[in-house]
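In: generate a structure from the sequence data that follows.
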Amino acid sequence: MLYYLIVCRSLTYAQRTAAALERTGITARVLRSPKSIAGEGCSHSVKISQRSLPEALLVLQRADLTPKRIFITAGAGSYQEVEL
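Out: Numbering: from 1, shown residues only. Take a look at the predicted model:
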């Protein structure tokens, strides 16, 4: 199953992002970013389904919660960054 990871700059920011999405009916789960996409230090991500991305981006824009980066699963545990 394909899903997106919205990478956030902190745990608090990830929790705010997930809460904003959940309020509009988008299922969102906070998790630690995989090492392959975390970059420097640790980061947290919000996992959403593939079909939810367009609506999620609108919700986050209205809530002034700009994603740091977004990745989609590319199979076999790898991720590919999505250009916005």
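In: okay, CA-based contacts and neighbour counts for the rest of this
Out: Will do.
In: longest helix in this structure, by number of residues?
Out: helix 11-23 (DSSP state H).
In: give me the contact list for it.
Out: 7-8, 27-30, 43-46, 56, 59-60, 63, 65 (C-alpha atoms under 8 Å, 6 or more residues apart in numbering).
In: in PyMOL, how would I select the buried members of the residues you listed?
Out: Here is the PyMOL command that selects the buried residues among those (16 or more other C-alpha atoms under 10 Å):
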select buried, resi 7+8+27+28+29+30+43+44+45+46+56+59+60+65
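In: out of the contacts of helix 11-23, name the ones that lie in helices.
Out: The members of the contacts of helix 11-23 that map onto helices under DSSP H are A56, V59, L60.
In: so the residue nearest to I6 when sequence neighbours are not counted, which state does it fall into?
Out: Leaving aside its chain neighbours, I6 sits nearest to I70 (4.6 Å; criterion: C-alpha to C-alpha, 6 or more residues apart in numbering). Following DSSP: H, G, I helix; E, B strand; the rest coil, the label given to I70 is strand.
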